[in-house]
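Participant: build me a model from this:
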Amino acid sequence: MTQTQPALEITGLRKRYGQKIAVDDLSLRVGEGEIFGILGPNGAGKTTTVECAEGLRRPDGGTVRVFGIDPYRDRTEARQLIGSQLQESQLPDKITVTEAVNLYASFYPSHVDTGALLARLGLTEKRDTRFRRLSGGQKQRLSIALALVGRPRLVVFDELTTGLDPAARRESWRLVKELRDDGVTVLLVTHYADEAERLCDRVALIQSGRVVACGRPDELIDRSSTVPATAGRATLDDAIVALTTGEAA
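Facilitator: Here you go, the predicted structure:
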């Protein structure tokens, strides 16, 4: 049987900044239509890995392929495939929500209905509001809109729900599931184990630039814990601690 082409395939990725090794022989494979989580402590290499996948950084070694193409070498083509919500992003203070979305839409030969996108993200009433007057949560939702406007096949969310209140966080989770249901592949970088456990089909735990474990959340819980997952006591958070520190969950 012919194996389908992965949405993202990283093999032996290496990246250093001066003397610091950020990513060290890292490999992972993300299937099309998956919600794939990347977790790990600060400085583990998560963001560098994602930036190489997006074509924003040139790897020092190894290969990265997004639907079969090199995202750094073939950046023009990659931009039509990848939508990115960055961990930190900034727009001109005076640009309005509608202006920002229309500007990003103009970068693509085909884009979504911008009015429908704003409605989906609860930004219709803020469409004429300038960026500087948006709340933190509204800026986050605008960032998501800009990531989705070009009909991407792979969407990268880097710390999607950081700083959001509980209601906005749950709304973001609903959106991620809807994207997967629409056939979009989602790469979710998060510090929140409960978020990954709830949303992700599979997760990779990264530590010191390497993948230390990869699998379905329930698999990682079973692998790391002496407490049966069916008992309802062990969590993915427990698994992360056990797999990255050696402590029993």
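
Participant: can you get me a residue count around the nearest residue to residue 191 once chain neighbours are set aside?
Facilitator: Leaving aside its chain neighbours, residue 191 sits nearest to residue 159 (6.8 Å; criterion: Cβ to Cβ, 6 or more residues apart in numbering). Quick note: C-beta positions are derived from backbone N, CA and C, even for glycine. As a burial measure, residue 159 scores 18 neighbours (other Cβ atoms under 10 Å).

Participant: before we move on, what about the one 4 residues further on?
Facilitator: Using other Cβ under 10 Å, residue 163 is surrounded by 12 other residues.

Participant: residue 105: what's it in contact with?
Facilitator: 111-112, 114, 149-150 (Cβ atoms under 8 Å, 6 or more residues apart in numbering).

Participant: out of these, what pair is the most spread apart?
Facilitator: Greatest spatial distance among the contacts of residue 105 (Cβ to Cβ): 114 and 150, at 11.0 Å.

Participant: these two: which has the busier surroundings?
Facilitator: residue 150 (20 against 17).

Participant: verify the stated contact: that one with residue 80.
Facilitator: Yes - between residue 150 and residue 80 there is a contact at 6.8 Å, judged by Cβ atoms under 8 Å.

Participant: what touches both of these two?
Facilitator: Shared contacts of residue 150 and residue 80, counting by Cβ under 8 Å, 6+ apart, come down to residue 108.

Participant: quick one: mean pLDDT over the helix ranked longest in the chain.
Facilitator: Using DSSP state H to define each element, the chain has its longest helix at helix 166-181. Averaging pLDDT along helix 166-181 gives 87.

Participant: figure out how far that helix is from the centre of its chain.
Facilitator: 13 Å (Cα atoms, centre = their mean, to the nearest Å).

Participant: next one: stretch 122-136
Facilitator: The answer for stretch 122-136 is 23 Å, by Cα atoms, centre = their mean.

Participant: so which elements touch the longest helix of the chain?
Facilitator: Contacts defined by 3 or more Cβ pairs under 8 Å, 6 or more residues apart in numbering; DSSP states H and E place helix 166-181 against strand 35-39, helix 136-148, strand 185-189, helix 193-199.

Participant: can you classify residue 221 as helix, strand or coil?
Facilitator: Assigned by DSSP: H, G, I helix; E, B strand; the rest coil, the conformation of residue 221 is helix.

Participant: which ones are touching residue 134?
Facilitator: By Cβ under 8 Å, 6+ apart, the neighbours of residue 134 are 97, 126, 142.

Participant: the closest residue to residue 57 other than its chain neighbours: which element?
Facilitator: Nearest non-adjacent residue to residue 57, counting by Cβ to Cβ, 6+ apart: residue 51, 4.4 Å away. In the assignment (DSSP states H and E), residue 51 maps to helix 46-53.
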